[in-house]
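# what's the 3D shape of this:
(one chain, ligands or ions: 2)
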Amino acid sequence: MTSLGGLEAPASIDHHKPPLCLHRAQHGIDANAVDDAALTVVQGLQDAGFDAFLVGGCVRDLLLGLSPKDFDVATNATPEDVKRVFRRARLIGRRFRIAHVRVGREVIEVSTFRQRAVAEDVTHARSRRDLKDLVTARSAEGLILRDNAYGTIDEDAFRRDFSVNALYYDPVTETVLDYVGGLDDLRQRRLRLIGDAATRLREDPVRILRAVRFAAKLDFDIDPETRDAIPHVASSIDSVAPARLFDELCKLFLLGHAAAAWELLQELGLVSTLFPDLRRSQQLDRLIATAMRGTDDRVKEDKPVTPGFLFAVLLWDSYQEKVAQYAEDRTLADPREAASSATLQDRGSKIVLPKRHAQFVREVWSLQPRLEAPKPRTVERLVAHPRFRAAYDFLLLRAESGEIDRTMADWWTSYQAEDTKTRAALRSELVPDKARRRRRRSRRPPAS
Ligand code: ATP
Ligand code: MG
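Ligands and ions are numbered 1, 2, ... in the order given. This is a model prediction of the structure:
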């Protein structure tokens, strides 16, 4: 984004002001970087007489010279209109209907311009009629419960979260429209909530995590007003539905910027909000930071990443604490199993893992003692276990963070690299099962 220097962006938000309009030479977006399917959708809607733009993250990324994850379209056509223009469109969503338009193998999300009906809008309403049109219901905490009134493009801009996410790009005329000062913020590499920061965070506390995610991904500063509002609103993360919170944490940690995101969470005091059971220590910090960096490296190398692994790391400390606690309880047949159930199904916890991921975590944890003290007879069975690779990676991580001695982690590393013959030799070096039992027995004090 080289050509924005010196441009005057609107200093403050004014619903009546015309947008800042940038032409090709001013914004410098490479039209070839626009996805063909998205262009087809915009063009199709415009040919049918509607307004249509690219909007959100894709415009922000195009201006920054990054390649967008996906291309979203905003239009004044209603979802039903969109369906008339594109017979292959599917209307989805309960809270707010949007159209999914299939072009070739791609699906483009098309949303109709929406109002943001909140307290501020009530103040800005120009007539009683405007007021009546505000259909968003708000809970006592200011949370948006319903948000389904169509609006104009400028209303649509103001209901978005961050100014840099509220830019519109018409790929046909190659113009960028800015109603909210987003271009100026982009130039200053600043993440700023549109409107009153505390109100906007209270409306939807997930925006706190979105702020962290975008700041980490784009290496932007969070605007001071937004930053200051965070501690006052952080506790309302509790009101977010567990499934949405889990999705948002996955986006935070699995898109290649986990290390930076974790640092920001610490800086903003959000770690204890999200993981209240985490007892911070240097070693645990090392474990988590190493896991986050490792995940980022895997994303860079296009290797698969799974949320289970990171949650196994993040909840490891709570699990260990429960293992120690339950070990004393003689009524429990399997204290480790009880500890993992308690950690993963803790009803007071904010993070609830979907079953399949919880099972992954459970297996990675339960394999740890078996990898730390393998029996010769079970080694090959362990290697064939579907979670072996993840459990071994976890063991390595624990060794690297200094939680455990490196010996067994290194043993497994060489074991995997060897051929069948050497593997057998390595196995035979392990303390055999019987000897282990014998030795344990001999350690017992003689009966008096
Ligand atoms: P990404 O690069 O991760 O796709 P994005 O900005 O496109 O980033 P999305 O979650 O895909 O993020 O959302 C698309 C757009 O919808 C955003 O840019 C923003 O304008 C708007 N939006 C999304 N979530 C919210 C929210 N919680 N509150 C207000 N606006 C939102
Ligand atoms: Mg997006």
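# Could you list the low-pLDDT ranges of this structure?
1-16, 95, 117-148, 347-348, 432-448 (pLDDT under 70).
# near ligand 2, which residues of the stretch 151-300 of the chain?
Residues of the stretch 151-300 of the chain lying near ligand 2 by Cβ under 5 Å from the ion: none. C-beta: built from backbone N, CA, C; applies to glycine.
# Where does the stretch 151-300 of the chain get nearest to ligand 2, residue-wise?
Distances between the stretch 151-300 of the chain and ligand 2 by Cβ to the ion are smallest at residue 165, namely 8.6 Å.
# and if you look at the chain?
residue 57 (3.8 Å).
# what about the helices in the stretch 201-350 of the chain?
Using DSSP state H, counting those that start in this stretch, the helices of the stretch 201-350 of the chain run over 206-218, 224-233, 242-254, 258-267, 271-274, 282-300, 307-314, 316-327, 335-344.
# Which helix or strand contains residue 58?
If you go by DSSP states H and E, residue 58 is part of helix 57-63.
# Show me what secondary structure element comes after that helix.
Heading C-terminal from helix 57-63 (DSSP H and E), you reach strand 72-75.
# what's the spacing between the residue lying closest to residue 340 once chain neighbours are set aside and residue 63?
In this structure, residue 340 finds its nearest non-sequential neighbour in residue 362, 4.8 Å apart by Cβ to Cβ, 6 or more residues apart in numbering. For residue 362, the distance to residue 63 (Cβ to Cβ, to the nearest Å) stands at 44 Å.
# Then residue 290?
34 Å.
# what's the answer for residue 429, then?
Distance of residue 429 to residue 63, computed by Cβ to Cβ: 60 Å.
# neighbour count winner among these two?
Per other Cβ atoms under 10 Å, whichever of residue 429 and residue 63 has more neighbours is residue 63, with 23 against 9.
# Residue 29 is in contact with the more buried one, correct?
Yes. The criterion here is Cβ atoms under 8 Å, and residue 63 meets it with residue 29 at 6.3 Å.
# shared neighbours, those two?
Common contacts of residue 63 and residue 29, defined by Cβ atoms under 8 Å, 6 or more residues apart in numbering, comprise residue 176.
# so what's the nearest residue to residue 250 once chain neighbours are set aside up against?
In space, and not counting its chain neighbours, residue 250 is closest to residue 307: 4.9 Å by Cβ to Cβ, 6+ apart. Neighbouring residues of residue 307 by Cβ under 8 Å, 6+ apart: 246, 249-250, 253-254, 353, 357.
# and the gap between residue 307 and residue 295?
From residue 307 across to residue 295, the span is 10 Å (Cβ to Cβ).
# Pull up the overlap in contacts between those two.
In contact with both residue 307 and residue 295: 253-254, using Cβ under 8 Å, 6+ apart.
# Close to ligand 1: what parts of the protein are there?
Residues of the chain found near ligand 1 (Cβ under 6 Å from any ligand atom) are 56-57, 69-70, 72, 160-161, 165-166, 204, 206-207.
# Take those and lay them out in a markdown table including neighbour count.
Putting those into a markdown table (neighbours: other Cβ atoms under 10 Å) gives the following:
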| residue | neighbour count |
| --- | --- |
| 56 | 25 |
| 57 | 20 |
| 69 | 10 |
| 70 | 14 |
| 72 | 18 |
| 160 | 22 |
| 161 | 22 |
| 165 | 21 |
| 166 | 26 |
| 204 | 18 |
| 206 | 18 |
| 207 | 21 |
